[in-house]
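Colleague: let's see this in three dimensions:
(2 chains)
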Amino acid sequence: MKPAAFQLIRASSLQHALELLSEHEDARPLAGGQSLVPMMNLRIARPCVLVDLNGIEELKHVRSEPGYLTIGALVRQQHLLDQEVLRRDLPLLAAALSHVGHLQTRNRGTVGGSLSHADPSAELPLSMVAVDATLTLASVHGRRSMSAREFFVDAMTTALREDELLVEIRCPVPEPGTPASFHEFARRHGDFAIAAACAQRVRLADGSHQLKGTLGGVQAVPYACEQLAGLSWRGAPPLAELIERFDSELAQLSVLSDHQASASTRAHLARQAMHRCIEQVLA
Amino acid sequence: MIFQCRINEQPVTGDVPDRTLLSDFLRHELRLTGTHVGCEMGACGACTVLLDGQPVRSCLIFAGQADGAEILTVEGIREHPWGQAIYLAFSRHHALQCGYCTPGILTTLIGVMERGLLPESEEEIRVLLSGNLCRCTGYQGLVDAVLELRQHQLSAHTS
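Modeller: This is a model prediction of the structure:
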């Protein structure tokens, strides 16, 4: 199908884009278009005005600072994946990103666009929650920041107001050598995950260890496994106990059911994915 | 929207409604029907072209967004330095049958080869090819063609 008629306005700067979004009532931002344009082609989305953000150079940075990696919202997914600093400092994000769509969609799709779209089965929202990223939102009224967890409100729903844009993502860089793992199940490589999991073994201030596990695709927003994180240990990791803890936490969750997978299939896959992650980070 | 770009090394000026997809601009305005339309959702890959050297889905780009861009479609591959090698490899290894998915794969391969990034292993080749859905070949012929092209890329880079 073809999209309904609309007016395409090219924003020359971030300020210009924010003004356009503020001025036009039925305006939507257009970044990579890999999520929005399919919706427009299917006529699920019919904005009257599209604000083309692709010329906004000030949002295309990848900056390494002490303790952080800062990513502009308009950074193309493939461009980020190609950065050596990503593989070195945030291997979890690199692993997740390699599962996002295909080369051809990553060449256009942006980090900010994927996060703003907030698909429950998308890998970027999951990994940003997993690494405790801080997101900065901007409008003509100013800027505000929040954690990734606060940003994702519901399926396809974020904290973004009508006239707001996600502009920057700041990821704390874990201690070098922090074991991290990502696994997902999808029908075809690059498809949205039916279920995805990531895990990191973190060292706490008192020298003990903790497992940070996060699930994607199982609920409307990424799920951080709090009960799993509740068990810290010293010395040899209590693998069986951690697995049992996770299994029991998962069993309490109400898991999504859709045309791709029933709740029980999805939960089963989530369990397998997380088990692999746990075994990998504790190896 | 009025815009200017270069397509297969020729200057092009477009004047089309804003909602015109790049795939439709190529096919209907320019009669470059080698770029195929399958899903219009970015999933099948039949519409893949090179935009500023990068393989992208032309069904997910509005024609006006191509202002200032260099585009290569399958029609431009014949003249490309890699063109002959790709055609021979595809022919030798039966890497196409109906040919519907083929243009999207050819442009993707040109884009990857221009960066010297053809993958080494069969597994990595299959991951690369996963961005294009082929219903005919079962992919083995495509994998074999890419393996041959990798040899070609390696020897070209060392010569």
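Colleague: please make it C-alpha for all contacts and neighbour counts, starting now.
Modeller: Noted.
Colleague: find the centremost residue of the chain, please.
Modeller: Picked chain A for this. residue A:125 (1.7 Å; Cα atoms, centre = their mean).
Colleague: sorry, I should have been clearer: chain B.
Modeller: With distances taken as Cα atoms, centre = their mean, residue B:107 lies nearest the centre of chain B, 1.8 Å away.
Colleague: and the closest residue to that residue other than its chain neighbours, how many neighbours?
Modeller: Among residues not flanking residue B:107 along the chain, residue B:49 sits closest, at 5.6 Å (Cα to Cα, 6 or more residues apart in numbering or on different chains). Residue B:49: 31 surrounding residues under other Cα atoms under 10 Å in any protein chain shown.
Colleague: and residue B:49, that one's in a strand?
Modeller: Yes: checked against DSSP: H, G, I helix; E, B strand; the rest coil, residue B:49 lies within a strand.
Colleague: what residues are up against it?
Modeller: By Cα atoms under 8 Å, 6 or more residues apart in numbering or on different chains, the residues touching residue B:49 are B:35, B:55, B:56, B:57, B:58, B:71, B:72, B:73, B:74, B:104, B:107, B:108.
Colleague: could the residues you listed go into CSV alongside pLDDT?
Modeller: Supplementary listing: these in CSV, determined by pLDDT from 0 to 100:
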residue, pLDDT
B:35, 98
B:55, 98
B:56, 98
B:57, 98
B:58, 98
B:71, 98
B:72, 98
B:73, 98
B:74, 98
B:104, 98
B:107, 98
B:108, 98
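Colleague: tell me, how many residues neighbour residue 84?
Modeller: By default, I'm working from chain A. Neighbour tally, residue A:84, other Cα under 10 Å: 12.
Colleague: meant chain B, my bad for not saying
Modeller: Neighbour tally, residue B:84, other Cα under 10 Å: 13.
Colleague: coming back round to it: let's see the strand or helix carrying the residue nearest to the centre of chain B as CSV, backbone CA atoms only.
Modeller: Assigned by DSSP states H and E, residue B:107 belongs to helix B:102-114. Provided in CSV are the C-alpha atoms of helix B:102-114 (Å, rounded to 0.1, in the frame of the first residue of the first chain):
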residue,chain,number,x,y,z
THR,B,102,17.9,-10.6,-7.0
PRO,B,103,18.3,-6.9,-7.6
GLY,B,104,18.1,-6.3,-3.8
ILE,B,105,20.8,-8.9,-3.2
LEU,B,106,23.1,-7.5,-6.0
THR,B,107,23.0,-3.9,-4.7
THR,B,108,23.6,-5.2,-1.2
LEU,B,109,26.6,-7.2,-2.3
ILE,B,110,28.0,-4.2,-4.3
GLY,B,111,27.7,-2.0,-1.2
VAL,B,112,29.4,-4.6,1.0
MET,B,113,32.1,-5.3,-1.5
GLU,B,114,32.9,-1.6,-2.0
